[in-house]
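Asker: one predicted model, sequence on top.
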Amino acid sequence: MKNVNIKIDGKSYNVPENYTVLDACKEAGIKIPVLCYHPDLRQVGSCRLCVVEIEGQRTFQPSCAYNVYEGMEVKTNTKEVRAARKMALELILSRHPMDCLNCERNTQCELQDLAADFGITEVDFALQLPGYDIDDENGIIVREHDKCINCGRCVRACQEVQTVNALEFHKRGYEKIAYTTAGKKLQDTTCTYCGQCINVCPTGALHENDETAKVWEWIEDPNTHVVVQTAPAIRVSIGEAIGLDAGFLSTGKLVAGLRRLGFDKVFDTDFTADLTIIEEGHELLHRLKNNGTLPMITSCSPGWIKFVETFFPDCLDHVSSCKSPQQMFGALAKTYYPEKSGVDPKTIKSISIMPCTAKKYECNRPEMKDSGYQDVDVVLTTRELAKMFKVAGVDFAVIDEEKYDAPFGITTGAAAIFGATGGVMEAALRTVYEVVTGEELPDVNLTMCRGLEGVKEATVQVGDIPVKVAVANGLSNARKILDKVRAGEADYHFIEIMCCPGGCIGGGGQPRPTSPEKRQARMESIYCEDAQMEIRKSHKNPSIDVIYKEFLKEPLGEKSHHLLHTKYTKRDSNR
Amino acid sequence: MKFFRSHILIGMDTPSVLQGAKGVKEALISELSKKGLENEIKVIETGSLGFSGVGMIVYTEGTAYENVTINDVAELVEEHLVKGRALTRLIAKGKGAADVVANAEEKLLDGQVRIVLKNAGRINPDDINEYIANDGYEALGKVLAQMSPKQVIDEVKASELRGRGGAAFPTGRKWEFTYGTEADQKYVICNADEGEPGTFKDRLIMEGDPHSVVESMAICGYAIGANKGFIYIRGEYKLSIERIQKAIDDAKKLNLLGNNILGSDFSFDLEVCFGGGAYVCGEETALIESIEGKRGEPRLKPPYPPVSGLWNKPTIVNNVETFANIPQIITKGAQWFKKTGVEGSAGTKVFTIIGDINEKGLIEVPMGISLREVFENIAKVTKSGKKVKFAHIGGSSGNIVPEKNFDIKLDLATLANANLTHGSGVILFCSEDVDVVDYLTSISQFFKHESCGKCTPCREGTFRLDEMVKRLAAGNGSEKDITKMKELCEVMKRSSFCGLGQAAVNPFLDCIEHFADELRQGVKEEAR
């Protein structure tokens, strides 16, 4: 990469030629305000908050979307630039409710922060709201269009990162609005409920449906036995959600905190992640032995499942019939657990803490009632749990670590890494290798599965078989792989697909704002957890042996088939 | 081929149709057959003649009639076509034979010159043979037979032709960028999304001389190495769409478009696209987005279209009028072209002149004519007899020039020095009757409606401008409205994403400068 010489506010800098002006300013210690900019998205330069003056140019340029060039002279702090930025912000604020105290994003809002940074105490233009009703009809994603500032991040996330196209811009000029495609109800679009739109929204215009009240009510009810499961990715993100550093690993504090909230039992989804590896591993071996449909594709990620049902209904045979760890857990929490503990399943409410908004959709799928009850009653996101911790005054800096409850408390490193892209693949290979060869894996760290790249490919020698695998994260990458599968050009045996960028660590229910650096920190923390675990392979988990002995009998057996496997629905992408 | 002793060209553009042109045409045909003249005199539809009411020109004499109604038809046929004497009461004054059929190189009495409009109103636009008979497709033949692409570009560069769509970018240089960019596919686009209120020059070129655009695009394709072109025509321009489509079809039949044009190695195909009526789609990158089937919003620049445009391929986007200059530059040479106009602004400029004036319509004048000359010699002063107050040049986003500044010359350099532009090529004259604040409300309403909404300054700024101007118009404004308006305009001018928001503020800033007292009239009395 060549470097170029530029001047910013009179000082000289030597920066790589692929830098934007914003990148260069960041390195020079100049904080430029941004709104439509997001590190995960294509930059459009439309909010005009980041404008700078460039010597020799009649108009200002958006620093987020303008590349440096040799000899460029940038001014970031002239009277005119300050006036232009402030005017843009005032214009935005005058179309925004500004009732911050009543807003879900209060104190965590990018717009609010900017208004504070700009020292805005008064806006000259009269408040004019578009007057949209709040849409919370789908029960998962809530849209408050009056809070939308037209930055378009949600539209770019939906159309470009996820290629779902459930959102688009409507109308023109001052009436322009980021809305659902063709103005349909969200539940009538191709929406996968991945929540990436929420993750990138700078204001309170998009958020998940807050279900904490229901959970508090059950906790308070002495006749309700409330059990909670926590997904692998929660322990590396809940700390961040309550104000600690990104990637702060807080497994034990998370458990302690949940007990303080009043949950009767605190269980770990990692247990059913291990169970998934056993069932899915056997399914793969079964397909390999019996000329089954290959490649087989993972099924843990409910946003991905809705995506494949909608856009690739002809490829559903490739998808593993295993339920996600959350739903396996839900089915066992109201069957195996009551059997073992004597608690009446009628009185059990099963809550799960997930990094995900699509899990809210998954738990309400009509087929997810194999226990005879709704298997999982309520899904809370990382952010919703953070709210509960804040309300209850749980202080992670002080509380001691505690351990998960039996019988779903003993887990492995293989389950822990489910939270990062490539983790399910690595966990599966650790088990498949040893089951097939009967030998111990030389190095448990299968690093070719790791990292945040969109698509990874590897070949792993398992005995005589060179197993070809692929890993994709983010639905645009899933689409690339599925196009190959559909065309018959994918000669893989096994594919892992996660709906969100980076896998569950980048899920739609995770702390905001998100960025590649934050996902990197969460991911590193996950592999750190794995390295610390005593047991690192799912088939070595003693509780797994116990549940097969006591309850399930055998992988892919009748009981497993009934409780742990599912069927998919063909959907129409032209909805 | 059948010979007729006379041709009657009747204007059949939308306004003419609304004023009964179809009925007049039918009456004319039935009257001619009643007199047994149907084999001697042919009635041909053409585009707007720029006359008032229903207009027509009788050839070979070139007598121009306007305001013709069905009731006049019998008399007109009897007098002119049977007895051979003009029907004086309907003659279009100042637009008679001499004006319309004059040699293109000859300056006319009122200062007009016809290069771009040389064929408009003279030939049957639906007949490719008439275009060919008037040197049509000679330029295309010449470039294919005698010139290398580089030579074509050099000739266009030497002519100093600059874009006529508003930005005045040197056409030859633009072509050179695309010529010099390696790509497996390149495109030529004609921007015919003429959206500035009051502007209809491109429509009249397409309606009156569609082949000049088709020929020119093929020449451009040859020069830059493109084999595919699109003409993006405003959807409301039904007649333009029909005419251009027929021109394309006819040219294909004669192998003037299609594969191996005129036996050469060069192939070029053209397709008509139409706009859905969004003003912003006149912005070249928004237009490209629209052709790609996306929402019409401007793209980030760079990269510019000549390097990366339609489907990210090198693309030339030129205005209709720009293209219409090309064939004659090729056949007559750059030096001939530069004889018209002034230093730095070669050639002519086509304007539509409208407002409170006696002679409305389409004019073509040499670059460098003054606004006063247009007003006094061509527009023939105000119709109302009132003193003229200002001219609004270049469309809604153009500049408002008060009468005291009318001596400004309408060439690119002079205008640029005064921070003005030709814009779309419309000049609207307003007399003292016009209330400046009322006038601004119509403009603010327009931009509030037409902003695409992509960037904050334009999306919200046009909305707030409209709010403030309307408050002033209602006499409910405040001093702060005026200062805030100025502040907002200055931010929009420098900070908006594309030309729409940057230029939308021009009339407001001009009125704040020249008509501050009138704006202040809108401040609430108790606040004054």
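Answerer: On my side now, so go ahead. None of the values given here were measured: they were computed from a predicted structure. Residues are numbered from 1 along each chain as shown, chains lettered A, B, ... in the order given.
Asker: tell me, how many residues neighbour the residue of the stretch 51-200 of chain B found nearest chain A?
Answerer: Of all residues in the stretch 51-200 of chain B, B:Ala167 sits closest to chain A, at 11.7 Å by C-beta to the nearest C-beta. Glycine gets a C-beta too; all of them are placed from N, C-alpha and C. B:Ala167 has 14 neighbouring residues, counting by other C-beta atoms under 10 Å in any protein chain shown.
Asker: correct me if wrong: B:Arg164 contacts B:Gly425.
Answerer: Yes. Using C-beta atoms under 8 Å, B:Arg164 is in contact with B:Gly425, at 6.8 Å.
Asker: out of those two, which sits in the busier spot?
Answerer: Remark: of B:Arg164 and B:Gly425, B:Gly425 carries more neighbours, 29 against 26, as counted by other C-beta under 10 Å.
Asker: measure that one to A:Leu316 for me?
Answerer: Plainly put, B:Gly425 is 59 Å away from A:Leu316 if you go by C-beta to C-beta, to the nearest Å.
Asker: quick one, what contacts whichever residue of the stretch 401-528 of chain B sits closest to chain A?
Answerer: Residue of the stretch 401-528 of chain B nearest chain A, by C-beta to the nearest C-beta: B:Gly453 (3.0 Å). By C-beta atoms under 8 Å, 6 or more residues apart in numbering or on different chains, the residues touching B:Gly453 are A:Asn150, A:Phe169, A:Lys171, A:Arg172, A:Gly173, A:Tyr174, A:Glu175, A:Lys176, B:Glu297, B:Arg459.
Asker: mind listing what's buried along whichever strand or helix holds A:Tyr433?
Answerer: Assessed by DSSP states H and E, A:Tyr433 sits inside helix A:423-437. By neighbour count on 16 or more other C-beta atoms under 10 Å in any protein chain shown, the buried set for helix A:423-437 is A:423-436.
Asker: helices and strands around it, which ones?
Answerer: helix A:269-289, helix A:413-416, strand A:455-462, strand A:465-473, strand A:494-498 (3 or more C-beta pairs under 8 Å, 6 or more residues apart in numbering or on different chains; DSSP states H and E).
Asker: need the helices for the stretch 151-300 of chain A, in chain order.
Answerer: Using DSSP state H, counting those that start in this stretch, the helices of the stretch 151-300 of chain A run over A:153-156, A:196-200, A:212-220, A:238-241, A:251-261, A:269-289.
Asker: how near is the closest residue to chain B within chain A to A:Ala157?
Answerer: Proximity of chain A to chain B (C-beta to the nearest C-beta) peaks at A:Lys176, 3.0 Å away. Separation of A:Lys176 from A:Ala157 (C-beta to C-beta) stands at 18 Å.
Asker: what about those two, which has more around it?
Answerer: A:Ala157 (27 against 21).
Asker: quick check: that one touching A:Ile198?
Answerer: No. A:Ala157 is beyond contact range of A:Ile198, at 9.1 Å (criterion: C-beta under 8 Å).
Asker: got the domain ranges for chain B?
Answerer: B:6-101, B:128-337, B:341-431, B:436-527 (automatic domain parsing).
Asker: can you lay out these as CSV showing mean pLDDT and distance to A:Ile234?
Answerer: Formatted as CSV, those follow (pLDDT from 0 to 100; distance: least, C-beta to C-beta, whole Å):
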stretch, mean pLDDT, distance to A:Ile234
domain B:6-101, 82, 65
domain B:128-337, 96, 39
domain B:341-431, 92, 54
domain B:436-527, 96, 37
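Asker: tell me the buried residues in stretch B:407-418?
Answerer: B:Ile408, B:Lys409, B:Leu410, B:Asp411, B:Leu412, B:Thr414, B:Leu415.
Asker: and that stretch with chain A, contact?
Answerer: No. Taking C-beta under 8 Å from any C-beta of the partner chain as the criterion, stretch B:407-418 and chain A are apart, separated by no less than 11.2 Å.
Asker: and chain B, which residues reach chain A?
Answerer: So chain B meets chain A at B:278, B:280, B:295, B:300, B:302, B:448-457, B:459-464, B:467, B:480, B:484, B:487-488, B:490-491, B:493-497, B:502 (C-beta under 8 Å from any C-beta).
Asker: select only the buried ones of the residues you listed in PyMOL?
Answerer: Only the buried entries of the residues of chain B next to chain A go into this PyMOL selection, using 16+ other C-beta under 10 Å:
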select buried, chain B and resi 278+280+295+300+448+450+451+452+453+454+455+456+457+459+460+461+462+463+464+467+484+488+490+491+493+494+495+496+497+502
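Asker: which of the residues of chain B next to chain A fall within strands?
Answerer: Applying DSSP state E to those, no entry is found in strands.
Asker: what is the neighbour count of B:Glu284?
Answerer: By the other C-beta under 10 Å criterion, the neighbourhood of B:Glu284 contains 29 residues.
Asker: quick check: it vs B:Ser384, distance?
Answerer: B:Glu284 sits at a distance of 39 Å from B:Ser384 (criterion: C-beta to C-beta).
Asker: same check on A:Ala83?
Answerer: From A:Ala83 to B:Ser384 the distance is 42 Å (C-beta to C-beta).
Asker: where does the prediction get shaky in chain A?
Answerer: A:575 (pLDDT under 70).
Asker: distance of the nearest residue to the residue of the stretch 401-528 of chain B closest to chain A once chain neighbours are set aside from B:Leu204?
Answerer: With C-beta to C-beta, 6 or more residues apart in numbering or on different chains as the criterion, B:Gly453 has its nearest non-adjacent residue at 3.0 Å, and that residue is A:Lys176. Separation of A:Lys176 from B:Leu204 (C-beta to C-beta): 34 Å.
Asker: ramachandran angles for B:Cys430?
Answerer: Backbone geometry at B:Cys430, expressed as degrees, to the nearest 10, gives phi -120, psi 140.
Asker: quick one: contacts for it?
Answerer: Applying C-beta under 8 Å, 6+ apart, the residues contacting B:Cys430 are B:Gly355, B:Asp356, B:Val388, B:Lys389, B:Phe390, B:Ala391, B:His392, B:Tyr439.
Asker: if you set the cut-off to 10 Å instead, what comes out?
Answerer: By C-beta atoms under 10 Å, 6 or more residues apart in numbering or on different chains, the residues touching B:Cys430 are B:355-357, B:382, B:386, B:388-392, B:400, B:403, B:436, B:439.
Asker: now a PyMOL select for only the buried ones of those.
Answerer: Filtering these down to the buried ones (16+ other C-beta under 10 Å) takes a single PyMOL command:
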select buried, chain B and resi 355+356+357+382+388+389+390+391+392+400+403+436+439
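Asker: identify the farthest-apart pair in the buried residues of helix A:423-437.
Answerer: A:Gly423 and A:Val436 (20.3 Å; C-beta to C-beta).
Asker: need the contact partners of stretch B:338-345.
Answerer: Contacts of stretch B:338-345 (C-beta under 10 Å, 6+ apart): B:104-105, B:107, B:113, B:115, B:158-162, B:168, B:329, B:332-333, B:346-349, B:364-369, B:409-416, B:422.
Asker: and those, which are buried?
Answerer: By 16+ other C-beta under 10 Å, those give B:104, B:113, B:115, B:158-162, B:168, B:329, B:332, B:346-349, B:364-369, B:409-412, B:414-415, B:422 as buried.
Asker: so which of those residues are in strands?
Answerer: B:Ala346, B:Thr348, B:Lys349, B:Glu364, B:Val365, B:Pro366.
Asker: domain map for chain A?
Answerer: Under the assignment automatic domain parsing, the domains of chain A span A:3-93, A:100-208, A:212-564.
Asker: give the contact list for the nearest residue to A:Thr276 once chain neighbours are set aside.
Answerer: In space, and not counting its chain neighbours, A:Thr276 is closest to A:Pro325: 5.1 Å by C-beta to C-beta, 6+ apart. Residues near A:Pro325 by C-beta under 10 Å, 6+ apart: A:229, A:231-232, A:268-277, A:300, A:352, A:415, A:418, A:424, A:564.
Asker: fine, thanks again, bye for now.
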